[in-house]
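Colleague: fold the stuff below for me.
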Amino acid sequence: MVGVDHLNNIEQALIDNLRLGTFSTITAGSKTTATAWSESDVTVYGQFPTTEEVKYPAIITEMVANGIETQFMGQKLTDSDGDEAIGEIYGVGFNIYLMVDRDSSITVSGAPYRQRRLLNYLMLNSANILMDMNWVGASPSTEVESRNFSGFREMGYNPQLETWNAMASMIVTFKNAR
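Modeller: Alright, predicted model coming up:
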């Protein structure tokens, strides 16, 4: 695990999962995968786009914090292989923004979802995706310990941008062996 780029692995997994729009569900007693949208329905950005390049509906991820969450006694931790290492639980925080303009539309069960209804749909399904993410798929060497999702807040209409917006925060903790 030494020298692994955990922060970028986690950020890329977050962006990739939001782009795919898939999460697990239970159908007829068995676990299946549901898809809330396709890559062409929603544009996901790893940073704020310029006003000229933004395409709606948009999801923007922004890394806002990182640092040590827990220092182990004696700085020893056990990695996924059962090996002892020196390290800590490290955390990374993200803000996730949803933005929908007047012309945005996604067809859900044959009906077009627009404006506030589309924002509600994106909030619920983004939360499903974020809480169901398989972080290991992005990098087997990044051991995610926990995720804390705050839920969406600051929802509303911005008259200057003419967009419906919502923001959520998420903290991901992982083992950092050095």
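
Colleague: please report phi then psi for Asn125.
Modeller: Phi and psi for Asn125, reported as degrees, to the nearest 10, are phi -80, psi -30.

Colleague: I meant to write Met131 there.
Modeller: phi -80, psi -20.

Colleague: doesn't Gly151 make contact with it?
Modeller: No: Met131 is beyond contact range of Gly151, at 10.3 Å (criterion: CB atoms under 8 Å). In short, each C-beta sits where N, CA and C put it, glycine included.

Colleague: low-confidence ranges in this structure?
Modeller: 1-2, 70-74, 79-80, 135-140 (pLDDT under 70).

Colleague: cutoff 90 now
Modeller: Residues of the chain meeting the criterion pLDDT under 90: 1-7, 9, 22-35, 38-39, 51, 66-91, 131-147, 161, 173-178.

Colleague: all helices for the protein, in order.
Modeller: Ranges of helices in the chain, per DSSP state H, are 6-20, 115-132.

Colleague: now do the longest one: which elements does it pack against?
Modeller: This points to helix 115-132. In terms of contacts (3 or more CB pairs under 8 Å, 6 or more residues apart in numbering; DSSP states H and E), helix 115-132 is packed against helix 6-20, strand 22-27, strand 84-101, strand 106-108, strand 144-158, strand 163-177.

Colleague: picking that back up, nearest to Ile89, of the helices of the chain?
Modeller: Of all the helices of the chain, helix 6-20 sits nearest to Ile89, with 11.3 Å by CB to CB.

Colleague: what's the angle from the closest one to helix 115-132?
Modeller: Angle, helix 6-20 to helix 115-132, by axes from the mean of the first three to the mean of the last three CA atoms, to 10 degrees: 130 degrees.

Colleague: give me the buried positions along helix 6-20.
Modeller: Neighbour counts using 16 or more other CB atoms under 10 Å place 6-7, 9-11, 13-15, 17-20 of helix 6-20 among the buried residues.

Colleague: quick revisit: would you list the helices of the chain in a markdown table and tack on distance to Thr61?
Modeller: Shown next, in a markdown table, are the helices of the chain (distance: least, CB to CB, whole Å):
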| stretch | distance to Thr61 |
| --- | --- |
| helix 6-20 | 6 |
| helix 115-132 | 10 |
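
Colleague: cool, thanks, talk later.
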